[in-house]
Structures are given as C-alpha cells and as structure tokens.
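[1] Just to be clear, the model below is a prediction. Sequence and coordinates:
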Amino acid sequence: MKVGVLSFAHVHAAGYVSVLRGMPGVEVRTSDPETDLAGAGEVRGREFAEQLGAAYVDTYEELFAWGPDAVVVASENARHRPLVELAAKHGVDVLCEKPLATTLADGEAMVAACREAGVRLGVAYPVRFSPAYAALRAAVRGGGVGPVLTVAGANNGWLPDGQRAWFTDPGLAGGGALMDHTVHIADLLDELFEDARAVEVYGQTNNLMYADRAAVETAGLVTVRYDNGAVATIDCSWSQPVHHPTWGGLELQLVGERATVEMDAFGQQVSGFDERRRAGVLLPWGVNLDEALLRSFLYGDDGRGSEPGDGEPVRVADGASGLRSLRIALAGYESARSGHPVALD
C-alpha cells in the first residue's frame with residue numbers, strides 16, 4: 001500500500017510518518033513544498049524528511065503521480081481545502097488533520113468534492129481510539145449510566161508556538177485555543193451520542209495567559225447543549241505549564257441519572273522524578289492512538305483497528321462528523337464575540 005503525507009506543518013506529521021514507516025506492507029512518500037509561512041528556526045521540507053528517514057518529492061503533483069492509495073493532509077488548517085480537493089481530483093482517499101477547515105464554506109466544499117469523486121474523507125480524531133473512551137462508551141451504551149445529564153471536559157495543552165508558529169496565527173489556524181482544543185471533545189460527544197445533535201453553543205475566551213506571545217485567545221470555555229438534554233462544558237485552554245514534562249491531556253467526567261463515569265485519555269503513564277535534572281518525569285505507555293487511527297483508516301474494521309468494550313467498532317470520523325465539530329467551534333467564536341448563546345441548525 002502506498003501512502004503519502006502532504007505537508008509537515010502540523011505537529012502530528014512526524015508521528016504519522018513514523019507510524020506509517022513501521023507498518024508492514026506500507027510504502028511512504030512525503031512532500032512539503034509550502035514552507036513560505038514557517039516560523040524562524042522551524043525545520044521543514046526535504047531536511048525534515050531526511051531527519052525522519054522518509055522518501056521525499058518536491059511537489060504534491062509528483063507525489064500523486066507516484067499513485068498513492070491514500071494520503072494524509074497535515075498542513076496548516078487554512079490550507080486543508082486545496083490539498084483535500086487535490087486528493088479528490090486524483091481519486092485518492094484522504095485523512096485530514098483536525099479541525100476539518102477554518103470556515104464552514106471550506107469544510108462543506110471539501111466534503112462535497114470527496115463525495116462527488118467517490119473517495120473517503122476522514123478527519124484525524126485519534127482519541128476515538130482511546131481505551132479510556134472505549135470503557136466510557138461501553139458504560140453509556142450499556143445503560144448503566146442512565147440518560148446523560150452533564151459532561152465536563154478538558155483538553156488542555158502547551159502553547160504550541162514553540163514547535164509550529166502558525167498555531168497562533170488566526171489566518172492560518174482559524175483562531176487559537178478554542179479552535180485547537182474544542183473539536184476533540186466535540187467529536188467524542190458527537191460519536192458517543194450517535195443521533196443526538198448540538199443545538200446551542202455559548203463561549204467565552206481571553207488571552208490573559210501568554211498575551212505577550214500570542215495574538216489569539218489562549219483560554220476558552222465552551223458550553224454545548226444537545227437535543228438529548230445533555231449539557232457539556234469544554235475547557236479548551238493552552239494552560240499547561242511551559243516546563244511541564246507532558247504537552248497536556250484530555251479528560252471527561254460524564255454524569256448520568258444513575259452513575260458518574262470519568263476518563264483520562266492520556267492517563268497511561270508512570271510518574272517519577274529525575275534527580276539529575278531536578279525535574280518531574282512522566283513516561284507514557286499503552287496504545288499509540290495515531291497508529292490506531294491510521295490502521296482503521298487504511299484497513300477498516302477488519303480486526304486490525306480498535307474495538308471498544310461495547311463490541312461496536314470505532315470508526316474514523318468522516319467529513320460530516322468533521323463539519324459538526326467545526327460548527328461547534330465556529331459557534332463558540334460567534335458567541336464569544338456577541339456575548340450570547342448561538343443556536344445551531
């Protein structure tokens with residue numbers, strides 16, 4: 001199987017290349033020609049491919065001429081659309097980094113292009129494949145929790161400008177922390193609630209943290225009301241301390257009529273202290289969520305993907321799912337600007 005990686009802009013691009021290179025029977029080729037907006041000191045293009053030990057071509061057209069079976073789009077958020085449409089033009093399945101786009105018009109155009117071309121469009125939400133989420137979903141789907149009343153979610157992390165400066169560029173990222181960290185939890189709830197849909201969003205943001213480093217919001221709280229009666233709050237802040245040993249995490253507390261369940265997607269780690277460096281140490285272990293995501297996208301639900309505890313296979317988020325989580329993030333921005341809740345169609 002031939003798989004291409006389009007752009008090294010996203011911080012996850014290196015991880016995708018590493019996972020793909022380790023998959024038996026997978027041949028990887030990369031391309032990253034659009035480095036004009038890279039920050040000072042960022043390693044991109046052929047040099048970055050050489051560091052990863054990955055084959056590289058100078059243009060996207062050269063990569064598609066190679067005849068890939070699938071591609072992964074890891075560009076800046078605002079540059080997703082042309083690359084997804086290019087994949088659709090060549091009849092190639094495409095997995096796109098989240099959020100799907102920075103505007104609803106771009107997201108809808110991407111979904112339409114892939115539908116018309118008859119190719120699969122997936123959105124990279126790897127937390128769907130977390131064993132912690134599998135256990136939470138099994139508890140909810142099994143009925144033991146009862147109807148869901150409230151959800152408190154937190155997806156916090158480092159300020160990402162130290163790795164890729166574009167994350168704090170509102171034109172390229174579509175915003176700041178709210179755009180970056182609302183959509184993961186919004187997608188989990190979209191998958192968990194199945195046919196239930198978000199009907200109202202209220203958001204607040206500020207940039208009191210790192211105001212000297214970022215012109216976008218660095219903290220946010222988004223409240224989402226669903227038509228099944230559940231109300232969710234999402235802490236989407238870049239609030240992880242700068243020198244903390246891990247980037248951040250994703251946690252959910254779900255309250256039902258009969259029970260409360262909690263999950264920590266990245267809680268599989270051993271903690272300790274390094275006396276020589278005089279610093280805390282966190283060593284992760286367990287499932288590689290990027291690998292589970294890529295296996296499911298490439299091979300489908302044939303036993304090589306991830307299966308949650310309730311027996312239902314986890315599937316990669318599709319374009320329609322990506323649009324729904326994008327709508328929640330965009331409504332959060334609209335609400336933060338107006339100071340009022342925003343109704344969703």
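    Structure received.
[2] CA atoms for contacts and neighbours, from now on please.
    OK.
[3] residues touching residue 28, list them.
    Residue 28 sits next to 2-5, 17, 20-21, 54-55 when contact means CA atoms under 8 Å, 6 or more residues apart in numbering.
[4] And residue 46, by the same measure?
    Taking CA under 8 Å, 6+ apart, we find residue 46 in contact with 31-32, 56-58.
[5] switch to 6 Å and redo it
    Listed by CA atoms under 6 Å, 6 or more residues apart in numbering, the contact set of residue 46 is empty.
[6] Keeping just the C-alphas, turn the helix or strand of the chain with the lowest mean pLDDT into PDB.
    Scoring the helices and strands of the chain by mean pLDDT, DSSP states H and E places strand 279-284 at the bottom, with a mean of 79. The C-alpha coordinates for strand 279-284 follow below in PDB (Å, rounded to 0.1, in the frame of the first residue of the first chain):
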ATOM      1  CA  ALA A 279      12.500  17.800  37.200                       C
ATOM      2  CA  GLY A 280       9.400  15.600  37.200                       C
ATOM      3  CA  VAL A 281       9.200  12.800  34.700                       C
ATOM      4  CA  LEU A 282       6.100  11.300  33.000                       C
ATOM      5  CA  LEU A 283       6.700   8.200  30.900                       C
ATOM      6  CA  PRO A 284       3.700   7.300  28.700                       C
END
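[7] Could you list the buried residues of the following helix or strand past that strand?
    Using DSSP states H and E, the helix or strand that directly follows strand 279-284 along the chain is helix 289-299. Using 16 or more other CA atoms under 10 Å as the burial criterion, the residues of helix 289-299 that qualify are 289-298.
[8] Looking at those, which is nearest residue 215?
    Distance to residue 215 across these (CA to CA) is lowest for residue 290, with 29.9 Å.
[9] Just the helices from the stretch 51-200 of the chain, written as ranges.
    For the stretch 51-200 of the chain, applying DSSP state H, counting those that start in this stretch gives helices covering 60-65, 80-89, 104-117, 131-141, 170-173, 177-192.
[10] Alpha carbons only: can I get the fifth one in CSV?
    Backbone C-alpha positions of helix 170-173 (Å, rounded to 0.1, in the frame of the first residue of the first chain) are rendered in CSV as follows:
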residue,chain,number,x,y,z
PRO,A,170,-5.5,33.4,13.3
GLY,A,171,-5.4,33.4,9.5
LEU,A,172,-3.7,30.0,9.2
ALA,A,173,-5.2,28.3,12.3
